[in-house]
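**Student:** next input, structure requested:
(chains A and B)
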Amino acid sequence: MAQEITLGQLRNWLILYADRIIAEEEQLTRLDTAIGDADHGVNMRRGMEKVRERLLDPENHYADVGTLFRSVAMTLISAVGGAAGPLYGTFFLRAATSPNSGSRVDLSQFTRMLRFGLDGLQQRGKAYVDDKTMVDAIQPAVEAMEAALASQQSWAVALAAAKQAARLGMEHTIEIRANKGRASYLGDRSIGHQDPGATSAYLLFETAVAALSTSAPLKVNGQEPAAASPRSVPTQAGKQKNTD
Amino acid sequence: MHSFVNKPGDPITRSLVGMAACYPDLLRVHFNPDFVQRAQPGRAGKVAVISGSGSGHEPLPTGYVGLGMLDAACPGPIFTSPTPDQLLAATHAVEQGAGVVYIVKNYAGAVFNSDICVEELSREDICVRKVLVHDDVAIPEKANRRGLGAAPLVMRIAGAAAEEGRSLEQVVAVSERAAENARSMGFATNIETLPRSLHALPLDDHTIELGVGIHGEPGVEQQVDGIIEIVQRLMQPIVDDLPYRSRDRVVLLVSGLGGTPPLELFLFFQHIHEFLQERGILVERCLVGNYLTSLGRGGCTVTLLRLDAELLGLWDAPVHTPTLHW
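**Tutor:** Numbering: from 1, shown residues only, chains lettered A, B, ... in the order given. Sure, this is the predicted structure:
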């Protein structure tokens, strides 16, 4: 029988992601300053603080994975603004509609949720790989998950592959010219800078490895999940200190 | 002292309170979610015209609420489009059953957030149509062009058409025609003044950023030249793009980005006016001042709107907002 992860682990993943985004606010803003309008960090922090607050509120109970993701989606849509709010919001909203809304998911169901999310994201944003957007991190990661699933790999292997693919996709955005979003207004001047959206999207997969790889749930009981992941976002190919 | 603003996000609420206090007969401000609506609601059965925009572009969008323009406006955080809950609340507050037009500047965030609202409201049988403003000729690919000075001009046309009692389809059609006949381009001098803006590197005394938007971003290129050359480099792409021809009648908008004094705007305007006259383009109406800003950035955007008799009639119809009134 396929190994499953619990609703609690997914919740912990999202809290961990919120903590990473909050910790990386300045870095995301710095990336957005070079080629955008210097607000990706502040907008994502505003949204993820709200998400964190809601997930940690003991009053909130989530009956199933769909409800959990929908709650995250609606929080992001109403709190982030800009382009990132509706894009991340649509990603989680569509992931929530994937037909597996129990309180546990196996790797196949989780992968399908991410695929649903990616499809929704692309319908909303009309962006494709190499447009220099969050899709450049998410699509290769989802494809890596699908490949791992097809060869019957474990959660740990699949998530590690997704993280690696997301990282390569994120780093690849340095080399390419933006075709979508505000960075596209710069034309060739957008080359040489890492995309902030791809960076915040990479963190989704980085934190997934920490929160979901093992069936022993990461201890996140309303506090301290940030301590599990103190690293900073790698910003240039070959420069990061913590390669896996 | 450099600015009255201590931190981003903080000034918007207080600024809205100030605006409402200044124009009690024109505006009502609603908080949580934030939007501004007319003090005197539009006539029953009128198509509602709404626009959202990041803050920092004042008087856009809140200064255009009133008779003959917007029924409601939603200000987002600085340079960040408002969220769907703002647009939904504003829509519910002002729609009259005749349909709603959203005037949307073509930025990813503005488009996505209004799309979410259009989908949501269609489930409530409220018909919302989006009119996209994308007039910036500095961006080569048309579908990707930013909305600049055409935004207030299209709001004016849409608002006038709605005020006349036209149907939703008619308001959308004439607003889209206005959007299709408008072209803009901007340049920036010094960097901005607010704490949020870490953006472009400071420019030396002889350099401008050419082809900038309204979010403190660098332009598509830098240009080192005097005013005659700047006017040439700015106006030629605008005129060539539509193109605007001899005998064409236009509205000319020269909007400061917030940090250039009116004295300099008129100086600049004079050169632009000459440029157009030399080409036989007939400037029927003009606006010079801060109509669409980028906080306190230096520089301006220039917009031309080609008129036909119908558009000119709508332009001249009565308007009563904090910013435009005749």
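**Student:** contact partners for the spatially most central residue of chain A?
**Tutor:** Nearest residue to the geometric centre of chain A (C-alpha atoms, centre = their mean): A:Leu204, 2.7 Å. For A:Leu204, the contacting residues are A:17, A:138, A:141, A:166, by C-beta atoms under 8 Å, 6 or more residues apart in numbering or on different chains. To be clear about C-beta, it is placed using only N, CA and C from the backbone, and glycine gets the same treatment.
**Student:** for it, pull up the helix or strand it's in.
**Tutor:** If you go by DSSP states H and E, A:Leu204 is part of helix A:196-212.
**Student:** B:Leu88 too?
**Tutor:** Assigned by DSSP H and E, B:Leu88 falls in helix B:84-94.
**Student:** chain A contacts on the stretch 1-150 of chain B?
**Tutor:** B:8, B:54, B:76-85, B:107-109, B:112-113, B:115-116, B:138-140, B:144, B:146 (C-beta under 8 Å from any C-beta of the partner chain).
**Student:** among these, which are in strands?
**Tutor:** Taking DSSP state E as the definition of strands, the residues of the stretch 1-150 of chain B next to chain A contribute B:54, B:76-78.
**Student:** for chain B, see how far away the residue nearest to A:Phe69 when sequence neighbours are not counted is.
**Tutor:** Spatially, and ignoring its direct neighbours in sequence, A:Phe69 is nearest to A:Ala96 (3.7 Å; C-beta to C-beta, 6 or more residues apart in numbering or on different chains). With distances taken as C-beta to the nearest C-beta, to the nearest Å, A:Ala96 is found 15 Å from chain B.
**Student:** all strands of the chain, in order?
**Tutor:** Just so you know, I chose chain A. Ranges of strands within chain A are A:4-6, A:104-106, based on DSSP E.
**Student:** sorry, should have said chain B
**Tutor:** Ranges of strands in chain B, per DSSP E, are B:27-30, B:35-38, B:48-55, B:72-78, B:100-105, B:128-133, B:182-188, B:207-210, B:221-224, B:249-256, B:282-289, B:299-306.
**Student:** quick one: the ones you listed as JSON lines, columns for mean neighbour count too.
**Tutor:** What follows is the strands of chain B, written out as JSON lines (neighbours: other C-beta atoms under 10 Å in any protein chain shown):
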{"stretch": "strand B:27-30", "mean neighbour count": "19"}
{"stretch": "strand B:35-38", "mean neighbour count": "26"}
{"stretch": "strand B:48-55", "mean neighbour count": "28"}
{"stretch": "strand B:72-78", "mean neighbour count": "28"}
{"stretch": "strand B:100-105", "mean neighbour count": "28"}
{"stretch": "strand B:128-133", "mean neighbour count": "21"}
{"stretch": "strand B:182-188", "mean neighbour count": "27"}
{"stretch": "strand B:207-210", "mean neighbour count": "21"}
{"stretch": "strand B:221-224", "mean neighbour count": "15"}
{"stretch": "strand B:249-256", "mean neighbour count": "23"}
{"stretch": "strand B:282-289", "mean neighbour count": "16"}
{"stretch": "strand B:299-306", "mean neighbour count": "27"}
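**Student:** where among these is average confidence lowest?
**Tutor:** Confidence, taken as mean pLDDT, is least for strand B:221-224 of the strands of chain B (a mean of 80).
**Student:** hang on, the earlier thing: pLDDT at the residue nearest to the centre of chain A, what is it?
**Tutor:** 98.
**Student:** same thing with A:Gln9?
**Tutor:** Predicted confidence (pLDDT) for A:Gln9: 95.
**Student:** now B:Asp205
**Tutor:** B:Asp205 is assigned 72 on the pLDDT scale.
**Student:** then B:Asp240?
**Tutor:** 98.
**Student:** tell me who's in contact with it.
**Tutor:** Neighbours of B:Asp240 in contact, by C-beta under 8 Å, 6+ apart: none.
**Student:** how about the one 5 residues further on?
**Tutor:** Applying C-beta under 8 Å, 6+ apart, we find B:Arg245 in contact with B:280-281.
**Student:** how confident is the prediction for it, by pLDDT?
**Tutor:** pLDDT recorded at B:Arg245 is 98.
**Student:** tell me the buried residues in the helix holding B:Leu88?
**Tutor:** Of all the residues in helix B:84-94, those buried under the rule 16 or more other C-beta atoms under 10 Å in any protein chain shown are B:84-91, B:93-94.
**Student:** now, which of the residues you listed sits nearest chain A?
**Tutor:** Checking the buried residues of helix B:84-94 against chain A with C-beta to the nearest C-beta, the nearest one is B:Asp85 at 4.8 Å.
**Student:** how near is the residue nearest to A:Phe69 to B:Val49?
**Tutor:** As for A:Ala96, its distance to B:Val49 is 34 Å (criterion: C-beta to C-beta, to the nearest Å).
**Student:** repeat that for A:Ala208.
**Tutor:** Distance, A:Ala208 to B:Val49, by C-beta to C-beta: 44 Å.
**Student:** what is the burial count for A:Cys207?
**Tutor:** Small correction: residue A:207 is Thr, not Cys. Applying other C-beta atoms under 10 Å in any protein chain shown, we find 25 residues neighbouring A:Thr207.
**Student:** quick revisit: my guess is the residue nearest to A:Phe69 contacts A:Val65. True?
**Tutor:** Yes: taking contacts as C-beta atoms under 8 Å, A:Ala96 lies within contact range of A:Val65: 7.5 Å.
**Student:** tell me the helices in the stretch 51-200 of chain B, going along the chain?
**Tutor:** B:84-94, B:108-122, B:150-163, B:168-180 (DSSP state H, counting those that start in this stretch).
**Student:** dump these to a markdown table, plus distance to B:Asp240 and mean pLDDT.
**Tutor:** Listed next are the helices of the stretch 51-200 of chain B as a markdown table, based on distance: least, C-beta to C-beta, whole Å; pLDDT from 0 to 100:
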| stretch | distance to B:Asp240 | mean pLDDT |
| --- | --- | --- |
| helix B:84-94 | 36 | 97 |
| helix B:108-122 | 27 | 94 |
| helix B:150-163 | 17 | 98 |
| helix B:168-180 | 16 | 98 |
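**Student:** please work out which of the ones you listed is packed deepest.
**Tutor:** Across the helices of the stretch 51-200 of chain B, the average number of neighbours (mean count of other C-beta atoms under 10 Å in any protein chain shown) peaks for helix B:150-163, which reaches a mean of 29.
**Student:** and the angle for that helix with strand B:72-78?
**Tutor:** If you take axes from the mean of the first three to the mean of the last three C-alpha atoms, to 10 degrees, helix B:150-163 sits at 160 degrees to strand B:72-78.
**Student:** isn't A:Arg94 up against A:Phe116?
**Tutor:** Yes: using C-beta under 8 Å, A:Arg94 makes contact with A:Phe116 at a distance of 4.8 Å.
**Student:** from B:Asp71, how far off is B:Leu287?
**Tutor:** From B:Leu287 across to B:Asp71, the span is 22 Å (C-beta to C-beta).
**Student:** again with A:Ile176
**Tutor:** 42 Å.
**Student:** who has more neighbours, these two?
**Tutor:** B:Asp71 (29 against 16).
**Student:** verify the stated contact: that one with B:Arg43.
**Tutor:** No: counting by C-beta under 8 Å, B:Asp71 stays clear of B:Arg43, with 10.4 Å between them.
**Student:** what sits against the residue lying closest to A:Ser154 once chain neighbours are set aside?
**Tutor:** The shortest distance from A:Ser154 to any non-neighbouring residue, by C-beta to C-beta, 6+ apart, is to A:Gln3 (7.0 Å). By C-beta under 8 Å, 6+ apart, the contact set of A:Gln3 is A:106-107, A:154-155, A:215.
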